[in-house]
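build me a model:
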Amino acid sequence: MNLFLTLMSKMFSKVKFNSHIKKSLAILITSLLLFNSSVYILLYVSSLHFVKKYIIKALDNNEYDKEIILLTISKKDIAEGKVSFQWIHSREFRFNGNMYDIKKNLSDEDSLRVYCYFDEKENLLEQLFHQFAKSENDKTKQKQNNINLFSFIGLFLNNNDISLTKPSGTKIIFLRVSCQQQFNKEVPTPPPQIFLA
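Down below sits the predicted model:
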């Protein structure tokens, strides 16, 4: 480890930094290489924060009014454990494993009645993170982690194309790619027996 830090310090010797900054930079790069999962955790937390702020702002601006649903849940069913329900905060809850953002709360003493938005971006983000955590914990299979760091980028794209203009005037266009396609690599059901004959 000390040898690696020395090599990293020599790499940055041509750059005009003092020795403390060089060693700090070498330690940072080393830790990023050694602790790859910390990058995923940092990316997950920042992505989750961005998605939550974006959805709440969009709900306040009535951008998702066509996708708002009325969800009614009996408080008795929650108390008896018939349904899985957990408050995240006053404007967000988890119901049967899925995240919902509240537009309007019409609850009474017997039931929770909320106009809410099914937060598919946050659900996808949590699915990605749980898939990563599962692959990290699975030490017996010794297989490479197949989750791509760039899978999270699709969560930040809107339905509109994003275009950047070079100084020469040439446009570079990035199209929105569905993230769902990247994670359904396995066949969900076996092939029909008719075709196997």
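
strands of the protein, start to end?
Along the chain, the stretches classed as strands by DSSP state E are 68-74, 85-89, 92-95, 98-105, 111-118, 162-165, 171-174.

elements contacting the first one?
Put plainly, it is strand 68-74. Packing partners of strand 68-74 (3 or more C-beta pairs under 8 Å, 6 or more residues apart in numbering; DSSP states H and E): strand 111-118. For glycine as for every other residue, the C-beta is placed from the backbone atoms N, C-alpha and C.

rounded mean pLDDT for the strand it packs on, please.
For strand 111-118, mean pLDDT rounds to 92.

again with stretch 73-89
The model assigns stretch 73-89 a mean pLDDT of 90.

for that stretch, which positions count as buried?
For stretch 73-89, a neighbour-count test (16 or more other C-beta atoms under 10 Å) marks Ile73, Ile78, Phe85 as buried.

apart from its chain neighbours, what residue comes closest to the second one?
Distances taken as C-beta to C-beta, 6 or more residues apart in numbering put Phe85 closest to Ile78, at 4.7 Å, once the chain neighbours are dropped.

surely Lys104 touches Arg91?
No: between Lys104 and Arg91 there is no contact under C-beta atoms under 8 Å: 10.3 Å.

which one's more surrounded, the two?
The neighbour comparison of Lys104 against Arg91 (other C-beta atoms under 10 Å) goes to Arg91, with 18 against 11.

so the nearest residue to that one once chain neighbours are set aside versus Leu48, what's the distance?
Of all residues not flanking Arg91 in the chain, Ile102 sits nearest, at 4.9 Å (C-beta to C-beta, 6+ apart). From Ile102 over to Leu48 the distance is 17 Å, taken as C-beta to C-beta, to the nearest Å.

the two: which is more packed in?
Taking neighbours as other C-beta under 10 Å, Ile102 and Leu48 compare with Ile102 leading, 20 against 17.

which residues touch that one?
Ser90, Arg91, Glu92, Phe93, Val114, Tyr115, Cys116 (C-beta atoms under 8 Å, 6 or more residues apart in numbering).

what's the answer for Ala58, then?
Contact analysis of Ala58 by C-beta under 8 Å, 6+ apart lists Tyr64.

would you map out the domains in this protein?
When the chain is parsed with automatic domain parsing, its domains come out as 1-34, 35-193.

for this structure, longest helix please?
Criterion DSSP state H: the longest helix present in the chain is helix 36-60.

that one - what's its average pLDDT?
Mean pLDDT, helix 36-60: 79.
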